[in-house]
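Trainee: Below is the sequence, then the predicted model.
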Amino acid sequence: MNKNLYLNDSEKEWVLKVKSILSKPQPPIPTNEIYYTSNDGNVITPSGAPGIFGANIVSNVYEDGVGIITFDGDVTNIGQYAFAGWGNLTSITIPNSVTSIGESAFISCQGLTSIKIGSSSIGNMAFYNCQGLTSVTIGNSVTSIGERAFNYCTGLTSINIPNSVTSIGEGAFSDCTGLTSVTIGNSVTSIGNLAFNGCSGLTSINIPNSVESIGNYAFNYCTGLTSVTIGNSVTNIGEGAFSGCRGLTSVTIGNSVTNIGEGAFSNCTALTSVTIGNSVTSIGEGAFYNCSGLISITIPNSVTSIGNSAFYNCSGLISITIPNSVTSIGNNAFYNCSGLTSIVVSDGNTVYDSRDNCNAIIETSTDTLILGCKNTIIPNSVTSIGTSAFWNCSLTSITIPNSVTSIGNSAFLGCSSLNSVTIGNKVTSIGSGAFSNCSGLTSITSLNTTPPTIQYNTLPAYTTYTIYVPSESVKAYKAKQYWKKKATQIQQIQQ
């Protein structure tokens, strides 16, 4: 039955006006009313303590497909849990008099498809798990978006953050997997931790010049993201900020950035090139970990430290140049960069060098070679080969000069293309796993008449190769701990 039959002419006119406002939201709705629709035509009764709207409810009617909540004064707030869990709520229009939407105000309103917000702040988890929400209009008076405000709004496809907004809270749009387009207004100064975490449908993002910091894991696992433009005001890229963005192919880091956080671009496997601005002073631990597609990187003269595992497993990286500003290179910084063919340390570096064009990084004060590649020639002045210096390198042969006294743990581990090794006559110790998994090895020549100390796993275990030693030392090698396991492979050096 048509409910309009029970309305007088003035009431019918009022209902028609409300419907017009909902369909064409041009003039603002009265400040003492909230309009809504439901998918079952039933009245929706707000929950929460009295006064959560800043005024008291006078009436709540649902007529001709429109719900109207009328108050005895201006609506200034939408309080905590006001409409929480109302699955039949499909749309709501909030008057401009509202200054805040409280925590969890619309949490799990999974039937809600559209919302128009004119308030100054959107509270934490305000629209959390509103999976049916496809349209959000954020008004020009909104200044902040709270933590997890739209978390798990999986139906949301686009969002326009107006110029009035200054901060995007932690996890604000986390796991909005349907989100493909985001426009960030030019007043936003900070993007919170996890703000767009798991937004796998997002393909590009433009971070405006107003933004000064990108929080930890802000765009973590945005797997569809292919390009990122970082504004010139950003000074810090947080931990894991773009971690797991497997579609990302190139990144330009602006000149204002001073720090690239731990794991910032880790597991961005499609990333092929990175341009780092000339204000960056530190590249954090694991910053480009497992960026296996990365083929080129320019480290500017401003960088002083490269963190542990910063470029770990960047197997596509062909060349690196360490500028003279770098004073600290962390453990395993270039671990498993198996494609490296060229390594250069700039002249004037006081801590590291690549003397004699050796294609390696040498710690100057200790004469320790800490990183080599397939084209490395170890200089006669080097005294030790560092831990994992050639780990998984594609070199085919190596001569360790007589100046070297020690070879570190895992120094040549996994060098499967390595077929011959000559070890100088001053080497006294060879570390654990130094030649483990060198499956292509055919010969090892050790020139020291006294067998160097080795560990149980220093030499390859399941590979057939010959160990050549000085003729007068064959018995000593065959009797020496761990060498004697290879006794049948030990013979004198052929003249």
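Mentor: Structure received.

Trainee: L369 against D356, yeah?
Mentor: No. Between L369 and D356 there is no contact under Cβ atoms under 8 Å: 11.7 Å. Just so you know, the C-beta spots here come from the backbone N, C-alpha and C atoms, and that holds for glycine as well.

Trainee: I'd like to know how far the residue nearest to the spatial centre of the chain sits from V274.
Mentor: Central residue of the chain (Cα atoms, centre = their mean): S243, 2.0 Å from the mean position. Note on S243: its distance to V274, by Cβ to Cβ, to the nearest Å, is 14 Å.

Trainee: Looking at L369 and D356, which has the bigger crowd around it?
Mentor: The neighbour comparison of L369 against D356 (other Cβ atoms under 10 Å) goes to L369, with 27 against 14.

Trainee: following whichever strand or helix holds that one, which helix or strand comes up?
Mentor: Per DSSP states H and E: L369 is located in strand 368-371. Proceeding N to C from strand 368-371, the next assigned helix or strand is strand 384-385, under DSSP H and E.

Trainee: looking at the protein, which helix or strand does the model trust least?
Mentor: helix 9-23 (a mean of 52; mean pLDDT, DSSP states H and E).

Trainee: After that one, which helix or strand is next?
Mentor: That would be, after helix 9-23 and using DSSP H and E, strand 33-38.

Trainee: now this protein, which segments are flagged as low pLDDT?
Mentor: Applying pLDDT under 70 to the chain picks out residues 1-27, 49.

Trainee: Three-state assignment for S91, please.
Mentor: Classification of S91 using DSSP: H, G, I helix; E, B strand; the rest coil returns strand.

Trainee: can you check K485 too?
Mentor: The three-state assignment at K485 reads helix, by three-state DSSP.

Trainee: ok, it to G231 distance?
Mentor: Per Cβ to Cβ, K485 is found 61 Å from G231.

Trainee: Which one's more surrounded, the two?
Mentor: Comparing K485 with G231 by other Cβ under 10 Å, the one with more neighbours is G231, at 19 against 14.

Trainee: Is it correct that the more buried one is in contact with I207?
Mentor: Yes. Taking Cβ under 8 Å as the definition, G231 is a contact partner of I207 at 4.9 Å.

Trainee: How about V326, nearest residue that isn't a chain neighbour?
Mentor: Nearest residue to V326, sequence neighbours excluded (Cβ to Cβ, 6 or more residues apart in numbering): V303, at 5.8 Å.

Trainee: For that neighbour, which residues are in contact?
Mentor: Applying Cβ atoms under 8 Å, 6 or more residues apart in numbering to V303 gives the contacts 276, 280-283, 323, 325-326.

Trainee: In the stretch 351-495 of the chain, what residue spans correspond to helices?
Mentor: Assigned by DSSP state H, counting those that start in this stretch, the helices in the stretch 351-495 of the chain fall at 474-479.

Trainee: Tell me which stretches of it form strands.
Mentor: Counting by DSSP state E, counting those that start in this stretch, the stretch 351-495 of the chain has strands at residues 352-353, 361-363, 368-371, 384-385, 397-400, 406-407, 420-423, 429-430, 443-446, 466-469, 490-492.

Trainee: Present those as JSON lines; the columns should include distance to I161.
Mentor: Below are those laid out as JSON lines (distance: least, Cβ to Cβ, whole Å):
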{"stretch": "strand 352-353", "distance to I161": "44"}
{"stretch": "strand 361-363", "distance to I161": "44"}
{"stretch": "strand 368-371", "distance to I161": "44"}
{"stretch": "strand 384-385", "distance to I161": "53"}
{"stretch": "strand 397-400", "distance to I161": "56"}
{"stretch": "strand 406-407", "distance to I161": "56"}
{"stretch": "strand 420-423", "distance to I161": "59"}
{"stretch": "strand 429-430", "distance to I161": "59"}
{"stretch": "strand 443-446", "distance to I161": "63"}
{"stretch": "strand 466-469", "distance to I161": "67"}
{"stretch": "strand 490-492", "distance to I161": "71"}
